[in-house]
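>>> Output the structure for:
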Amino acid sequence: MKTKKAVLMIIVVSAVLILACTIAARIVINNFGVAYFEDRFLPGTYLNNVDCSLLTAEQTKQTLQENIGEYEIELVERGDQTEYVTGEELGLSYVDDGSVDSLIQDQDTELWLYYLNTRGDYNLPASFDYDKSYVSFLVEELNCMNEENVIEPVDAYLEQTTDGFYIVPEIEGTKVDKDKLVSLIENAVSTGAKSIDMDAEGAYVEPAATSESETLLAALEKANNLISADITYDFVDRQYRVDKNTILSWLVKSSDGSYEIDEALVAAWVDQMAYDTDTFGLPRTFMTSYGVPIQLEGGGDYGWATDNEATTAQLIQHLYAGDVIITQPEYVFTASDRSSNDIGGRYVEVCIVDQHLWAYDNYQLIADAPVVTGCPAINSETPSGSVWAIDAKMTDFDFTYFPGSSSKYWMPFNGECGIHDSDWRSHDQFGGDLYLTNGSHGCVNTWFEAAEAIFMHMSIGDPVVVYYSLDQVHGPDPTAPNLAG
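Residues are numbered from 1 along each chain as shown. Take a look at the predicted model:
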């Protein structure tokens, strides 16, 4: 290096002399410089960041070889850690491919004075050799590859809390992508790069899902939308509510990390609600017109019956839509009143023993009359002990089995058993014990005025409560076919 500096000093002095000397002297000195650099690199020449000024081709090659031995690649790792891979470890050796000689030959030596204050950088193609298969071994030996030092990456995921959902950020970890790092080192060697930022160059195994993942953000929105739903089923005197806490208990995590509704849990909830609130054909307490409550038996065809499957589908649809609503279940059968007292304030009440009928509309008495019910003597008792719904309303009805017999108002509630007027009976032929020997074939015969009032006020589906007595709700079952009348 001292010799090189001395030569460079001589050249600089020569340049100064050129400026100070005569034209002839200048030409002599300039020609000397041109001749000198015929087989040497001009001042300020750098090959692959190595200073090769004033060196011959052979000296340059030797310098490059020496520099290869000193070459090292800095690996900048996560966690402020640094490691190095050296040229010696890689077994680098210079290979003369003629590029140095070509560069010297291509120089414009006439400009040697210009280059005294100029730097010229040249990147030679890889002019060295090494065993690439050894790079993989060197990578395996790095501290960052030691299992004790490796932090596995963890995907971002949704976390469920009592308040809702949020994204737990990913953990990047320090697990190295070996193949990627090998490729980066090989590329660094080929370009002469001396540093690799492993994080910036993607040398780590990254989490599959990050907190910015569109899929995860969509799952977050979906989950929080689900628990924003608030569905209330209103049964007048009681309510069944599906709120955030209930919905949270129904959610299950899918394989992709999103949350879905467990439809089986929703169905079970609907089943329980239906079990608690359905009344169709079930026993119920009824407050009689005597002011005495009785317990009606099951049976009949009146009451509420939930369509569980349709209600479950409806509820799931509300949940995914994030609805906040007050609604009703889907029903197979409906009744007049959705409160616990499903009979409500519009109904017909019949007491067999007392042979009497009452009818109410909005809890107001609109008919109070004696009746003639089915005749026990011919085993045609009127069914009792439960609640039935009015199935139809017809006027000027002819009884098929009794030619010439008809009623102005006909309201069947149990097969061919119905309420109707009976113009073949006088007013004084209703009530009392007449039904025991001259009763109907199962129907409830009553005064014309009563039948008319019931027909005008009642609707199809309204309840008819029939009980035998206050002490014996269910009377004898009829054994003869009901022929109406």
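>>> from here on, contacts and neighbour counts on C-alpha atoms
Will do.
>>> Can you read off the pLDDT for residue 92?
For residue 92, the model assigns a pLDDT of 82.
>>> right, and it touches residue 132 too?
No: using C-alpha atoms under 8 Å, residue 92 makes no contact with residue 132, being 10.0 Å away.
>>> Which one's more surrounded, the two?
The residue with more neighbours, out of residue 92 and residue 132, is residue 92; 19 against 14, by other C-alpha atoms under 10 Å.
>>> Run a quick neighbour tally on the residue lying closest to the more buried one once chain neighbours are set aside.
With sequence-adjacent residues excluded and distances taken as C-alpha to C-alpha, 6 or more residues apart in numbering, residue 92 is closest to residue 130, at 4.9 Å. By other C-alpha under 10 Å, 18 other residues sit near residue 130.
>>> Might you list the low-confidence residue ranges for the stretch 101-250 of the chain?
125-127 (pLDDT under 70).
>>> residue contacts, residue 408?
Shown in contact with residue 408 (C-alpha atoms under 8 Å, 6 or more residues apart in numbering): 395, 396, 397, 420, 421.
>>> For the stretch 301-450 of the chain, which segments count as strands?
Ranges of strands in the stretch 301-450 of the chain, per DSSP state E, counting those that start in this stretch, are 305-306, 324-327, 331-333, 347-351, 356-361, 364-372, 386-389, 394-398, 406-414, 417-421, 444-446.
>>> Turn those strands into a markdown table, columns for distance to residue 274 and mean pLDDT.
Shown next, in a markdown table, are the strands of the stretch 301-450 of the chain (distance: least, C-alpha to C-alpha, whole Å; pLDDT from 0 to 100):
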| stretch | distance to residue 274 | mean pLDDT |
| --- | --- | --- |
| strand 305-306 | 6 | 98 |
| strand 324-327 | 14 | 97 |
| strand 331-333 | 10 | 97 |
| strand 347-351 | 24 | 98 |
| strand 356-361 | 28 | 98 |
| strand 364-372 | 31 | 98 |
| strand 386-389 | 19 | 97 |
| strand 394-398 | 34 | 86 |
| strand 406-414 | 25 | 92 |
| strand 417-421 | 30 | 95 |
| strand 444-446 | 33 | 97 |
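>>> Relative to residue 41, which of the ones you listed is closest?
strand 324-327 (82.9 Å; C-alpha to C-alpha).
>>> Just confirm residue 452 contacts residue 407, I think it does.
No: here residue 452 does not reach residue 407: they are 10.6 Å apart, not a contact under C-alpha under 8 Å.
>>> on that earlier part again, right, so the strands of the stretch 301-450 of the chain: which one is the most enclosed?
Per-stretch averages of neighbours, counted by mean count of other C-alpha atoms under 10 Å, single out strand 444-446 among the strands of the stretch 301-450 of the chain, with a mean of 30.
>>> Just put the strands of the stretch 301-450 of the chain in TSV and tack on distance to residue 215.
Below are those laid out as TSV (distance: least, C-alpha to C-alpha, whole Å):
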stretch	distance to residue 215
strand 305-306	38
strand 324-327	26
strand 331-333	38
strand 347-351	58
strand 356-361	59
strand 364-372	62
strand 386-389	54
strand 394-398	62
strand 406-414	58
strand 417-421	64
strand 444-446	68
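>>> Tell me which of the ones you listed lies nearest to residue 144.
Checking these against residue 144 by C-alpha to C-alpha gives strand 324-327 as the closest, at 53.5 Å.
>>> Quick one: distance of the closest one to the chain centre.
Centre-to-centre, strand 324-327 and its host chain are 21 Å apart (C-alpha atoms, centre = their mean, to the nearest Å).
>>> In TSV, list the contacts of residue 408 along with distance to residue 232.
Shown next, in TSV, are the contacts of residue 408 (distance: C-alpha to C-alpha, whole Å):
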residue	distance to residue 232
395	42
396	46
397	45
420	42
421	45
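>>> Relative to residue 459, which of these is nearest.
In terms of C-alpha to C-alpha, no member of the contacts of residue 408 lies closer to residue 459 than residue 395, at 13.8 Å.
>>> any idea how far residue 455 is from the closest one?
Distance of residue 395 to residue 455, given as C-alpha to C-alpha, to the nearest Å: 9 Å.
>>> shared neighbours of residue 452 and residue 407, anything?
Contacts common to residue 452 and residue 407, judged by C-alpha under 8 Å, 6+ apart, are residue 421.
>>> need the strands for the stretch 101-250 of the chain, in chain order.
Counting by DSSP E, counting those that start in this stretch, the stretch 101-250 of the chain has strands at residues 120-122, 128-129, 157-161, 164-168, 195-197, 230-234, 239-242.
>>> List the buried residues of the third one.
Residues of strand 157-161 classed as buried under the neighbour-count rule (16 or more other C-alpha atoms under 10 Å) are 157, 158, 160.
>>> what's the answer for the fourth one, then?
Of the residues in strand 164-168, those buried by neighbour count under the rule 16+ other C-alpha under 10 Å are 164, 165, 166, 167.
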